[in-house]
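Participant: Using only what follows, build the 3D model:
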Amino acid sequence: MTETASGPLVGLKVVELAHIMAGPVCGLMLADMGADVIKVEKYPDGDDSRRMAPPMVKSESAAFMILNRNKRGTAINLKTETGKAVLRKILRTADVVIENFRPGTMERLGLGFDSLRQDNPGLIYCDITGFGGTGPYADRAGFDLIAQGISGVMGLTGEGPGRPPIKAGVPLGDITAGILAAMGILAAYIHRLKTGEGQRVDTSLLEASMVHTAWPSAIYFATGVSPGPLGSAHPISAPYQAIQTADGWVNIGAANQANWLRLTEVIGMPELASDSRFVDNATRMKNLPALIEILTRGFRERPTSEWLERLETAGVPAGPVLSLGEALNNPQVQARRMVVEVNHSRVGRTRALGTPVKFSKTPTQIRRAAPVLGEHTREILGEFGYGEAEINQLVTDGDIIAM
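Facilitator: Got it, this is the predicted structure:
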């Protein structure tokens, strides 16, 4: 694929001092939209996700590759004064820096926001931490699992009372924190375009997890009662959950009254519409176990495919419960280009997730695969005035890694 950038953020210079997930997700979002993202990995062994293996794609970590496409990569030793000087030179003309180190790390390196903005007053400095930059937990390290527990998400996930707590099947705190950080950076960038001022953007895994508790929080604010896990059910609407069929499961979204009435016709139980236990959403929620028992008896009589055809014809929102492999090969997922192929410098042609936001005037492009460690060091440092002999000396001195 071509390495010519396209997208609405072409010209934005981003330095990503981030590892594993939340920070790299943020960099990925910006890179996909056209920003020039320079990923600075730690010396000598790079982003920790390079060692999150198996699985491997030939010699490369699949975990690293999925989050770091569209970025240029280098590795700088921030434990040497020369290495830090190299990074500071890069940061003097950057628009954005992203970091998700443990709180206080950048300050101890002399690379905190207050220090960097002396050289670059317009710099947008984004840090993603476990719990945010203020409050009693500010200095704690955080992981997605810990944030899901403290945010209440794990208390809302699972099958019900007496069952073990369950985290979401995907790292929603990490991924959402990266997306929120990208949103915050773009808002700060708009402010800078108006005023010339840079600023600090601060979000966390805790806050990113908390935003997913909107409906349960509404219940708690209204009643003072903390909702518990409901499996796939909705906390305030019914029927809105997975129902077992003859050969699998189907998700039913009959949460409003019109769709409920259509559902009773589709399943051949029109009498449920006038049943006093199910006449409106409030009574359906009150009698949810009885409702699901009745619906399950009906749905078990036919396979998922037949139910989906009937429900779609009637206009009732519904869908199958797919495995990830089935989802990645789903025709709608394919049509939206959420699975793409890209050329990797070491392993060749490989698959990646596509860009989740589409633009009519400034289309995005997956232009390069994830870098191998130090792949673009010579190219990047050359842009900042370093000659070949000088780069070679930096390699010899242990200040950088360069291919």
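
Participant: Now do the strands in the chain.
Facilitator: Ranges of strands within the chain are 13-17, 36-42, 56-57, 60-61, 71-76, 96-99, 124-129, 199-204, 240-244, 249-253, 318-320, 339-344, 348-353, 400-401, based on DSSP state E.

Participant: So which of the ones you listed is nearest Lys167?
Facilitator: strand 199-204 (17.1 Å; Cβ to Cβ). (Glycine included, C-beta is placed from N, CA and C.)

Participant: Next, the residues that contact that closest one from outside, please.
Facilitator: Residues from elsewhere that reach strand 199-204 (Cβ atoms under 8 Å, 6 or more residues apart in numbering): 113, 124-133, 142, 147, 177, 180-181, 184-185, 187-188, 191-192.

Participant: from these, which would you call buried?
Facilitator: With neighbours counted by 16 or more other Cβ atoms under 10 Å, the contacts of strand 199-204 contain buried members at 113, 124-132, 142, 147, 177, 180-181, 184-185, 188, 192.

Participant: measure His19 to Gly348 for me?
Facilitator: Plainly put, His19 is 26 Å away from Gly348 if you go by Cβ to Cβ, to the nearest Å.

Participant: And for Met65?
Facilitator: Counting by Cβ to Cβ, the gap from Met65 to Gly348 is 12 Å.

Participant: same check, this time on Pro136
Facilitator: 50 Å.

Participant: quick one, which of those two is more surrounded?
Facilitator: Gly348 (11 against 7; other Cβ atoms under 10 Å).

Participant: ok, for that one, nearest residue in space, not its chain neighbours?
Facilitator: Distances taken as Cβ to Cβ, 6 or more residues apart in numbering put Lys58 closest to Gly348, at 7.9 Å, once the chain neighbours are dropped.

Participant: cool, Val211 as well?
Facilitator: Thr176 (6.7 Å).

Participant: How many residues are close by that neighbour?
Facilitator: Count around Thr176 with other Cβ under 10 Å applied: 23.

Participant: Now for it: which residues touch it?
Facilitator: Contacts of Thr176 (Cβ under 8 Å, 6+ apart): 208-209, 211-212.

Participant: From Glu159, how far off is it?
Facilitator: 24 Å.

Participant: burial of the residue nearest to Gly348, as a residue count?
Facilitator: Counted with other Cβ under 10 Å, Lys58 comes out at 9.

Participant: so who does it touch?
Facilitator: Lys58 touches 346-348, counting by Cβ under 8 Å, 6+ apart.

Participant: with the residues you listed in mind, which one is nearest to Leu381?
Facilitator: Arg346 (21.1 Å).

Participant: surely the closest one meets Glu60?
Facilitator: Yes: here Arg346 reaches Glu60: they are 6.1 Å apart, a contact under Cβ atoms under 8 Å.

Participant: Between the two, which contacts overlap?
Facilitator: Val372.

Participant: So those two - more neighbours on which side?
Facilitator: Glu60 (19 against 14).

Participant: quick one, what contacts the residue sitting nearest the centre point of the chain?
Facilitator: Central residue of the chain (Cα atoms, centre = their mean): Ile175, 2.4 Å from the mean position. By Cβ under 8 Å, 6+ apart, the residues touching Ile175 are 21-22, 25.

Participant: Return the subset of those residues lying in helices.
Facilitator: 22, 25 (DSSP state H).

Participant: how about JSON lines for the contacts of Ile175, with distance to Arg337 added?
Facilitator: Listed next are those as JSON lines, based on distance: Cβ to Cβ, whole Å:
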{"residue": "Met21", "distance to Arg337": "23"}
{"residue": "Ala22", "distance to Arg337": "25"}
{"residue": "Val25", "distance to Arg337": "19"}
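
Participant: re the thing from before, which one of the contacts of Lys58 is nearest Gln365?
Facilitator: Closest to Gln365, out of all of the contacts of Lys58 and judged by Cβ to Cβ, is Gly348, at 19.3 Å.

Participant: Tell me how far the closest one lies from Leu263.
Facilitator: 49 Å.

Participant: Isn't Gln244 up against Arg302?
Facilitator: No: Gln244 is beyond contact range of Arg302, at 11.4 Å (criterion: Cβ under 8 Å).

Participant: give me the number of residues near Tyr43?
Facilitator: 20.

Participant: Identify the residues contacting the residue lying closest to it once chain neighbours are set aside.
Facilitator: Using Cβ to Cβ, 6+ apart and skipping the chain neighbours, the partner closest in space to Tyr43 is Asn77 (3.6 Å). By Cβ under 8 Å, 6+ apart, Asn77 lies in contact with 43-44, 83, 398-400.

Participant: Turn the residues you listed into JSON lines, including pLDDT and distance to Gly104.
Facilitator: As requested, these are exported to JSON lines (pLDDT from 0 to 100; distance: Cβ to Cβ, whole Å):
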{"residue": "Tyr43", "pLDDT": "97", "distance to Gly104": "20"}
{"residue": "Pro44", "pLDDT": "96", "distance to Gly104": "23"}
{"residue": "Gly83", "pLDDT": "98", "distance to Gly104": "19"}
{"residue": "Gly398", "pLDDT": "98", "distance to Gly104": "25"}
{"residue": "Asp399", "pLDDT": "98", "distance to Gly104": "23"}
{"residue": "Ile400", "pLDDT": "98", "distance to Gly104": "25"}
